[in-house]
Structure formats: C-alpha cells, structure tokens
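# A structural model of the following input is requested.
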Amino acid sequence: MTVTYVIDGSRVTGLERFWEVIGEAVNGPGGYFGRNLDALADCLGGGMGTPDDGDFVFEWRDHALSARALGHEETARQLRRSLERAHPTNRPAIQERLDEALAGRGPTLFDLIVEILAQGATPGTLRLS
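Numbering: from 1, shown residues only. Predicted coordinates:
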C-alpha cells in the first residue's frame, strides 16, 4: 500500500520552515527528515520514516507558494550564510552561486529540493499540485 506524505506548500516560508514541514509530513509533529540538502537525500534512502520498500509518494500541495519562498532571494540568503562558514577554498564557488542568485539566475533551493525528491526516490513519487 502506497503511503502519501503531504507537504503543505502554504506553510513553507523559507528553508528552515521547509525542514519543519517535511519532517512533520513524514514523521509527525517535531519530526525530522533532514536539515540540509545532503541529509534530505540520505533520508530518502530509507530508515528515516519512509517505508523501506520505497512505496511512498510526496504530494507537494501549493508548491508554487513554496517555489516563491524558496526562490532566488532565499537561495541568496542561505548562500551568504554558507559563505561565512565555508573553507577558504570553497568560497569562490559559493560566491559565484551567490552572485547568480542575486541576479535572479541559476537553480533555486526549490529547484534543488525538487531534484533531490525526484531523483532520490522511485520515479513518480513526487507530485506537485
């Protein structure tokens, strides 16, 4: 039996809130399902609340609202935070991504999350509505 996890896109106001919303969707109030992109990809591998057989679907309702909340502005905000903590050898690449985000170009956090959800699970397990 397929399990459906509903991501309420109207509740996503930024990246930190997204982690709370997806955590609750999968594991209930206060639940965890990643707090960064790498952890999200790891969680999709199983053992973090989703069925081990991969028989689940993410239904992202009001995804257009999330796309705006996780757009270039939020992407730039998160990249600025990363730049402050980054190893000096990583800073030029992060700065380049930050410059692109500030110019309204390049992948957004929403794009990256959708890609992880779409690729990290069985095809068809992400439904945007």
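# Ile116: neighbour count?
18 (other CB atoms under 10 Å). For every residue, glycine as well, the C-beta is placed using N, CA and C.
# Quick one: residues contacting it.
Residues near Ile116 by CB atoms under 8 Å, 6 or more residues apart in numbering: Leu37, Leu40, Ala41, Leu44.
# same thing but 7 Å
The neighbourhood of Ile116, defined by CB atoms under 7 Å, 6 or more residues apart in numbering, consists of Leu37, Leu40, Ala41.
# Low-confidence ranges, this structure, go.
Applying pLDDT under 70 to the chain flags the ranges 120-124.
# Show me which of the contacts of Ile116 are buried.
Neighbour counting with 16 or more other CB atoms under 10 Å marks Leu40, Ala41 as buried within the contacts of Ile116.
# now, among the contacts of Ile116, which is nearest to Ile7?
Nearest to Ile7 among the contacts of Ile116 is Leu40, at 11.9 Å by CB to CB.
# and the gap between the closest residue to that closest one other than its chain neighbours and Leu117?
Nearest residue to Leu40, sequence neighbours excluded (CB to CB, 6 or more residues apart in numbering): Gly34, at 3.6 Å. Between Gly34 and Leu117 the computed distance is 11 Å (CB to CB, to the nearest Å).
# residues in contact with the most centrally placed residue in the chain?
Taking CA atoms, centre = their mean, the centroid of the chain lies closest to Ile113, which sits 3.4 Å from it. Counting by CB under 7 Å, 6+ apart, Ile113 makes contact with Leu40, Leu70.
# Go ahead and confirm Glu59 touches Arg127.
Yes: contact criterion CB atoms under 7 Å: Glu59 and Arg127 qualify, at 4.7 Å.
# and the residue nearest to the centre of the chain, what helix or strand is that in?
helix 109-119 (DSSP states H and E).
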